[in-house]
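[1] When you get a sec, could you give me coordinates for this:
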Amino acid sequence: MLTTHSMPSALRTLTRDGWLLFFTRFIRLFAYGSLSVVLVFYLIGLGLSDSQTGLLLTLTLVGDTVVSLYLTTRADRIGRRRMLIIGAILMAAAGLAFAFTHNFLLLILAGTIGVISPSGNEVGPFLSIEQAALSHVIPGPTRTEVFAWYTLAGSLATALGALCGGTLAHELQKTAMRPVSTYRVVVILYAALGICLAFLFTRLSPAAEVNLPGESSASPKALKSIFGIGRSRHVVAKLASLFALDSFAGGFVVQSFAAYWFYLRFGVNPATLGVIFFWANIFAGISALLASRLASRFGLINTMVITHLPSNILLILVPLMPNLSLAVLVLLVRFSISQMDVPTRQSYTMAVVSVEERSAAAGITGVARTTGAAISPLFVGLMFARPSLINAPFFIAGTLKIVYDLLLYREFVGLRPPEENS
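    Below is the predicted model:
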């Protein structure tokens with residue numbers, strides 16, 4: 001049994017709000033993971049073509065971008081809890097709409113306005129606002145380690161969700177249910193978890209907001225400036241453009257399409273795909289803990305780059321493997337180091353911007369990532385429609401991610417967080 005004394009030191013600093021934010025992330029990423037392994041199968045089962053599916057996923061991510069930008073840049077003024085509740089309601093509404101219509105235009109409308117994750121990764125306003133709230137209730141020196149555990153919680157949840165979603169659909173297919181109906185069950189589960197999130201966010205206390213009694217008010221100029229960013233705008237603009245490039249590259253190999261690639265290339269069924277991506281996300285989450293140790297020794301930017309480069313080379317190698325076993329092995333090795341830049345990236349962003357601009361900064365950089373990721377699926381859908389091009393997304397993603405790593409190092413190696421300067 002985990003006691004306070006056996007708990008990692010960084011987690012001992014978590015308040016009730018901190019633990020609640022860990023729990024909401026777990027539930028949300030479980031929902032995202034369960035949906036990601038069946039979403040493309042479900043949409044194609046509804047009668048959509050590969051190209052229509054790619055277009056729908058692109059427009060879904062575009063909609064998430066607009067929603068995220070609106071909610072996150074107002075969260076510090078209107079209230080973080082309120083915006084998180086609205087995001088959860090939009091997540092539930094999108095899930096219900098996807099479950100009960102097969103009309104392409106209605107699916108586009110629901111995906112654009114609501115919150116749907118085709119990748120198994122964070123979309124919507126949640127991550128940005130939660131990062132700002134967490135940074136507000138924990139000491140600065142423990143921020144990177146707390147974010148590492150926060151990343152691990154999300155990766156574990158995504159892994160369990162992928163395993164659950166794939167297994168549930170596979171087991172239901174042994175009954176008289178049609179395949180598309182088994183996938184619909186997972187979509188309904190996604191909507192139900194969105195409703196659960198909305199309730200949990202109502203339990204968040206005022207301590208997670210920007211202004212507490214006795215605290216100085218956030219800079220009026222910063223709060224009234226466009227998108228809620230003032231003093232940090234130049235740093236945020238550079239980070240956002242680079243994160244957009246990285247996410248555009250990653251959009252070529254989102255989990256939904258990666259799962260579908262394994263099906264096209266090796267004929268892998270949804271249950272096996274669930275197991276593959278369960279372990280992939282477990283390895284990714286565990287690597288986040290190592291990232292915090294590396295960052296304390298080498299610095300946040302150095303850790304981001306030196307761990308990301310090898311993972312991108314491995315990504316290029318996945319489609320070059322001659323059989324399923326080797327392709328899965330390379331994918332798992334890649335996942336074991338690919339997410340080390342996640343807690344370091346999040347911590348770095350929170351460290352180099354003003355306290356009163358954290359939600360907005362996280363929101364803008366998060367929206368930049370979603371925007372980048374929103375464009376890629378359109379191209380992937382077209383590539384998957386041509387058997388000769390189904391390996392191309394891995395090559396494009398790996399190459400662009402290497403370019404991102406080199407540019408990030410050049411631009412930010414000289415800008416250190418306060419705790420590294422001290």
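
[2] host element of residue 168?
    Element membership for residue 168 (DSSP states H and E) is helix 143-172.

[3] Please name every helix or strand in contact with that helix.
    If contacts are counted by 3 or more Cβ pairs under 8 Å, 6 or more residues apart in numbering; DSSP states H and E, helix 143-172 sits against helix 16-36, helix 126-137, helix 179-201, helix 270-298, helix 341-351. C-beta here means a position set from N, CA and C on the backbone, and glycine is covered the same way.

[4] could you give the angle of the second one to helix 16-36?
    To tie it back to what came earlier, the one meant is helix 126-137. Using axes from the mean of the first three to the mean of the last three Cα atoms, to 10 degrees, the interaxial angle of helix 126-137 with respect to helix 16-36 works out to 160 degrees.

[5] give me every residue that touches residue 171.
    Neighbouring residues of residue 171 by Cβ atoms under 8 Å, 6 or more residues apart in numbering: residue 271.

[6] can you redo the helices and strands packed on helix 143-172 as a markdown table with mean pLDDT?
    Supplementary listing: the helices and strands packed on helix 143-172 in a markdown table, determined by pLDDT from 0 to 100:
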| stretch | mean pLDDT |
| --- | --- |
| helix 16-36 | 92 |
| helix 126-137 | 83 |
| helix 179-201 | 93 |
| helix 270-298 | 81 |
| helix 341-351 | 85 |
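
[7] for stretch 415-422, which positions count as buried?
    With burial defined by 16 or more other Cβ atoms under 10 Å, the residues of stretch 415-422 counted as buried are 416-417, 419.

[8] Show me what it is in contact with.
    Contact partners of stretch 415-422, identified using Cβ under 8 Å, 6+ apart, comprise 140-141, 143, 235, 299-301, 347-348, 351-352.

[9] picking that back up, average pLDDT across the helix holding residue 168?
    With pLDDT averaged residue by residue, helix 143-172 scores 86.

[10] okay, the angle between it and helix 179-201?
    Compare the direction of helix 143-172 with that of helix 179-201 by the same axes, to 10 degrees and you get 150 degrees.

[11] and helix 143-172, how far from the chain's centre?
    Using Cα atoms, centre = their mean, to the nearest Å, the distance from the centre of helix 143-172 to the centre of the chain it belongs to is 11 Å.

[12] Can you give me the buried ones in that helix?
    Per 16+ other Cβ under 10 Å, helix 143-172 contains these buried residues: 143-170, 172.

[13] go on, stretch 265-272?
    By 16+ other Cβ under 10 Å, the buried positions in stretch 265-272 come out as 265, 268, 270-272.

[14] What is the end-to-end distance of it?
    Between the opening and closing residues of stretch 265-272 we find a distance of 14 Å, counting by Cα to Cα, to the nearest Å.

[15] And the contacts of that stretch?
    With Cβ under 8 Å, 6+ apart as the contact definition, stretch 265-272 has outside contacts at 37-38, 41, 165-167, 169-171, 259, 262-263, 276, 319, 323-324, 327, 390.

[16] got it, and stretch 391-408?
    Taking Cβ under 8 Å, 6+ apart as the criterion, the residues outside stretch 391-408 that touch it are 242, 245-246, 248-253, 257, 261, 301, 304-305, 308-309, 312-313, 315-316, 318-320, 376, 379-380, 383.

[17] taking these one by one, which sit in helices?
    Using DSSP state H, the members of the contacts of stretch 391-408 that fall within helices are 242, 245-246, 248-250, 257, 261, 301, 304-305, 308-309, 312-313, 315-316, 376, 379-380, 383.

[18] Give the PyMOL command for selecting the buried subset of those residues.
    Those of the ones in helices among the contacts of stretch 391-408 that count as buried under 16+ other Cβ under 10 Å are selected in PyMOL with:
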select buried, resi 242+245+246+248+249+250+257+261+301+304+305+308+309+312+315+316+376+379+380+383
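
[19] coming back round to it: distance to residue 54 added to the helices and strands packed on helix 143-172, as JSON lines?
    Formatted as JSON lines, the helices and strands packed on helix 143-172 follow (distance: least, Cβ to Cβ, whole Å):
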{"stretch": "helix 16-36", "distance to residue 54": "15"}
{"stretch": "helix 126-137", "distance to residue 54": "24"}
{"stretch": "helix 179-201", "distance to residue 54": "18"}
{"stretch": "helix 270-298", "distance to residue 54": "19"}
{"stretch": "helix 341-351", "distance to residue 54": "25"}
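
[20] between the ones you listed, which one is nearest to residue 107?
    Closest to residue 107 of the helices and strands packed on helix 143-172, according to Cβ to Cβ: helix 179-201, at 11.2 Å.

[21] How many residues are close by the residue nearest to residue 248 when sequence neighbours are not counted?
    Nearest-residue entry for residue 248: residue 372, 3.5 Å, with adjacent residues in sequence omitted and distances by Cβ to Cβ, 6 or more residues apart in numbering. Counted by other Cβ atoms under 10 Å, the residues lying close to residue 372 total 25.

[22] tell me the angle of the helix or strand residue 372 falls within relative to helix 126-137?
    Taking DSSP H and E as the criterion, the element that holds residue 372 is helix 358-384. If you take the same axes, to 10 degrees, helix 358-384 sits at 150 degrees to helix 126-137.

[23] elements contacting helix 358-384?
    Packed on helix 358-384, when contacts are counted by 3+ Cβ pairs under 8 Å, 6+ apart, are helix 50-72, helix 75-78, helix 126-137, helix 233-250, helix 255-266, helix 341-351, helix 392-412.

[24] one step back: could you identify which of the contacts of stretch 415-422 has the most neighbours?
    When neighbours are counted by other Cβ under 10 Å, residue 300 leads the contacts of stretch 415-422 with 29 neighbours.

[25] hang on, that residue packs against residue 344?
    Yes - Residue 300 sits in contact with residue 344 when judged by Cβ atoms under 8 Å, with a separation of 4.7 Å.

[26] Give me the common contacts of the two.
    Common neighbours of residue 300 and residue 344, counting by Cβ under 8 Å, 6+ apart, are residue 144.

[27] Please report the distance of residue 95 from residue 385.
    27 Å (Cβ to Cβ, to the nearest Å).

[28] between the two, which one's more packed in?
    residue 95 (26 against 14).

[29] quick one, the one helix or strand the more buried one maps to and helix 16-36 angle?
    Under the criterion DSSP H and E, the helix or strand holding residue 95 is helix 80-100. Taking the same axes, to 10 degrees, one finds that helix 80-100 is oriented at 20 degrees with respect to helix 16-36.

[30] Identify the residues contacting the closest residue to residue 369 other than its chain neighbours.
    Excluding its sequence neighbours, the residue lying closest to residue 369 (Cβ to Cβ, 6+ apart) is residue 247, at 3.8 Å. When the contact criterion is Cβ under 8 Å, 6+ apart, the partners of residue 247 are 368-373.
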